[in-house]
Structure formats: C-alpha cells, structure tokens
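Chemist: quick one: sequence and predicted model below, then my questions.
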Amino acid sequence: MSASEATPTDVEPTEPRHPVDVAVGILIDAAGRFLMTSRPEGKVYAGYWEFPGGKLEVGESVEAALRRELHEEIGIVIGEVHPWQVELVDYPHALVRLHFCKVYEWSGDFEMREAQTMSWQTLPVEVVPVLPGTLPVLRWFAEERHHDGVTHRG
C-alpha cells in the first residue's frame, strides 16, 4: 500500500512529549572554575559528567528545587541563585527543560551522597564523557570568557 492509500488506522498516533523541568546549578568558585559531577550508577547516562541538580517537584520553584537538590545530592547549602539560561533538550528517554542557574556562594562540605564523583573544571573540560545537555553551557562559558577552541574533550 502506498502512503497515499494509508488509512488513519494504519498510522500510529504519536503522543506529544511534555518537558520535564529540571533545576541545574552552575557552581562557580573564586578562581572561575565550575563544578561538574558524574551521573551515578543506575541512572540514565551513568558515568556521564554534568552540572548538579534535579527535577522540580509539583508546585516547586526553580530556586527551591535547586536548593533542595544540591543539599540532597552534594550536601551543601547554597546562597543567592542567579537564573541564567533555559534550554530544551530532547533525549531519547525524556524531553527536559533545563533551568541553568549560576551560584557563587555555598556553605557546608561537599558530600557525594549518590556515590557520584565531582571535579572542578575550566575550559576545555577534561572529564569525559560529557552529558549532551551540558554542551550548551560550555558554549555559553566560551562566549562569556572569550575562549577560542574546543570546549571539551571527546
């Protein structure tokens, strides 16, 4: 049967994918380095490097989610949150709306509470592999910091 002969029952409907909102913390230290963490075992993209954060709960603001997630995941209490960029990323498993926020102040000792690894990075990022949703941040850093050349390895 040709495409012009297809009936509505021959075509599977595609349901729209609704984005999942995620608060992402870009922690920047006094030297201008930024914190990246590895995704823990058992999660999609385990071992990939990203910026820490997590999903917003129902009725939760981006700032509240970021405060909660960074305390739950890495054991710190953050200071002022500076909303920065929003990026929609279409992964095979989920459509995510990433709310990137810069954070310059925090207290507490870093504790990797999900058995992840942390690393302070500059451009070009040396840890690999980098989660695809992280790549726009590296491009934005390159623009802000007038960095020419590659933003990451691999």
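Modeler: Arrived safely. Numbering: from 1, shown residues only.
Chemist: and the contacts of the longest helix along the chain?
Modeler: Longest helix of the chain, by residue count under DSSP state H: helix 62-74. Taking contacts as Cβ atoms under 8 Å, 6 or more residues apart in numbering, the residues outside helix 62-74 that touch it are 21, 23-25, 37, 52-57, 60, 76-78, 81, 83, 99, 101, 103, 106, 110-114, 116, 118. Yep, even glycine has a C-beta here, placed from its N, CA and C like the rest.
Chemist: the residues you listed in strands, which ones?
Modeler: Here DSSP state E is the test, and these give 21, 23-25, 37, 53-55, 77-78, 81, 83, 99, 101, 103, 106, 118 as lying in strands.
Chemist: check contacts around the closest residue to Asp90 other than its chain neighbours.
Modeler: Excluding its sequence neighbours, the residue lying closest to Asp90 (Cβ to Cβ, 6 or more residues apart in numbering) is Arg17, at 7.6 Å. The contact partners of Arg17, taken as Cβ under 8 Å, 6+ apart, are 90, 94-95.
Chemist: buried residues in whichever strand or helix holds Trp120, which are they?
Modeler: Per DSSP states H and E, Trp120 falls inside strand 118-121. Buried residues in strand 118-121, counted by 16 or more other Cβ atoms under 10 Å: 118, 121.
Chemist: could you do stretch 77-90 as well?
Modeler: 78, 81, 87, 89.
Chemist: repeat that for stretch 120-137.
Modeler: So, applying 16+ other Cβ under 10 Å, buried residues of stretch 120-137: 121, 123, 125, 127, 130-131, 133-134, 137.
Chemist: tell me how far that stretch lies from the chain's centre.
Modeler: Centre-to-centre, stretch 120-137 and its host chain are 10 Å apart (Cα atoms, centre = their mean, to the nearest Å).
Chemist: likewise stretch 136-154?
Modeler: 16 Å.
Chemist: what's it in contact with?
Modeler: 26, 32, 34, 51, 84-85, 87, 100, 123-126, 128-130, 135.
Chemist: check stretch 125-135 too.
Modeler: By Cβ under 8 Å, 6+ apart, stretch 125-135 touches 36, 38-39, 45, 47-51, 87, 89, 91, 96, 98, 119, 121, 138, 151-154.
Chemist: list buried residues within those.
Modeler: Looks like the contacts of stretch 125-135 have 36, 38-39, 48-51, 87, 89, 96, 98, 121, 138, 151-152 buried, using 16+ other Cβ under 10 Å.
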